[in-house]
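Participant: here are the coordinates; sequence isn't available:
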């Protein structure tokens, strides 16, 4: 796996594939943050400001073989001179982090997307409770920059195995002294870490919860906060939960929130209608909506195709979606769907496309 690199190495076809919404950025610095975690600072090669972004945003990093990886921006949203994202090397991952660690060096040109935000800070909150597990701290860093600049109330609980595996430790230590950040090191035994039940059992009016981390951490926080009012808990998955990887349309690598064996979770066929053209297509149970649209010559922009990034978000006008993504909250699900992985519980789903 190689990473999209210097412009002189990109063919005209590859440059066209990147499209107008893609950015070429130069790596200005690489900082060791913790065991197996580096932070990468990128800038515009011409010295111009980069596009603005909101806390919680991520960028896509493009590889020459067509693969895409998403990384949260952890720099100050007010500083458009650079972006910073952190990468944790995964020994048993899909190869993206390994390629970055081995091939990305200072001075290299990378191809990324403009920032997108599926994990925004709530404008209705009067207090923000941030919970991070491991590398899940990265979107929290940009949130902290914004919250401090706006003098808004917040506290971060950051759970890791040990101080040596805690990214941004030096940057966060002063906030610990101020009572704004709490570190929880469990040595690999979750029972010795943060007591999520005790922390989340009381709910204070106006408080909003934000959490990000590995699957076990996400599940534990979700269960401990299940009684919180609808719309007050916000989250972002870095990966689809393990029990969802083979749930729907396995050939497409789509994720599903439904657990169980394949015969119980694979979606049944349905029809999708595009309201603007009136065209209707059959979506069999072994293909996604995106696959069917592409087979019929319709261009659909996607990135992760796992229900994690939100690139393929579309409005639906009628029908009953079977939401299988990890992005949309309950409010968004009322009229939106991620067509890379979600399906339909009704025979016909009408999209605003």
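Facilitator: Everything's here; your move. Just so you know, these numbers come straight off a predicted model, no measurement behind them.

Participant: where does the spatially most distant residue from the centre of the chain land on pLDDT?
Facilitator: Most distant from the centre of the chain: residue 278, at 32.8 Å, with distances by C-alpha atoms, centre = their mean. Note for residue 278: predicted pLDDT of 93.

Participant: ok, which stretches of the stretch 1-150 of the chain are strands?
Facilitator: 22-34, 37-43, 57-62, 68-72, 83-88, 109-113, 116-117, 127-133 (DSSP state E, counting those that start in this stretch).

Participant: between the longest one and strand 57-62, how many degrees?
Facilitator: Between the direction of strand 22-34 and that of strand 57-62, the angle (axes from the mean of the first three to the mean of the last three C-alpha atoms, to 10 degrees) works out to 110 degrees.

Participant: related to what we said a few turns ago, hang on, the residue farthest from the centre of the chain in a helix?
Facilitator: No: per DSSP: H, G, I helix; E, B strand; the rest coil, residue 278 lies outside any helix segment and is coil.

Participant: against residue 353, how distant is it?
Facilitator: 11 Å (C-beta to C-beta, to the nearest Å). For glycine as for every other residue, the C-beta is placed from the backbone atoms N, C-alpha and C.

Participant: mean confidence score for stretch 167-187?
Facilitator: On average, stretch 167-187 scores 96.

Participant: so for it, what gets flagged as buried?
Facilitator: Of the residues in stretch 167-187, 167, 168, 169, 172, 175, 180, 181, 183, 184, 185 count as buried by neighbour count, 16 or more other C-beta atoms under 10 Å.

Participant: okay, and which of those map to helices?
Facilitator: 169, 172, 175 (DSSP state H).

Participant: neighbours of residue 188, just the number please.
Facilitator: 10 (other C-beta atoms under 10 Å).

Participant: the residue farthest from the centre of the chain and residue 350, how far apart?
Facilitator: Residue 278 is 10 Å from residue 350, by C-beta to C-beta.

Participant: cool, residue 86 as well?
Facilitator: 41 Å.

Participant: so these two - more neighbours on which side?
Facilitator: residue 86 (21 against 18).

Participant: wait, what's in contact with the more buried one?
Facilitator: 33, 37, 38, 39, 40, 71, 72, 74, 135, 138, 167, 168 (C-beta atoms under 8 Å, 6 or more residues apart in numbering).
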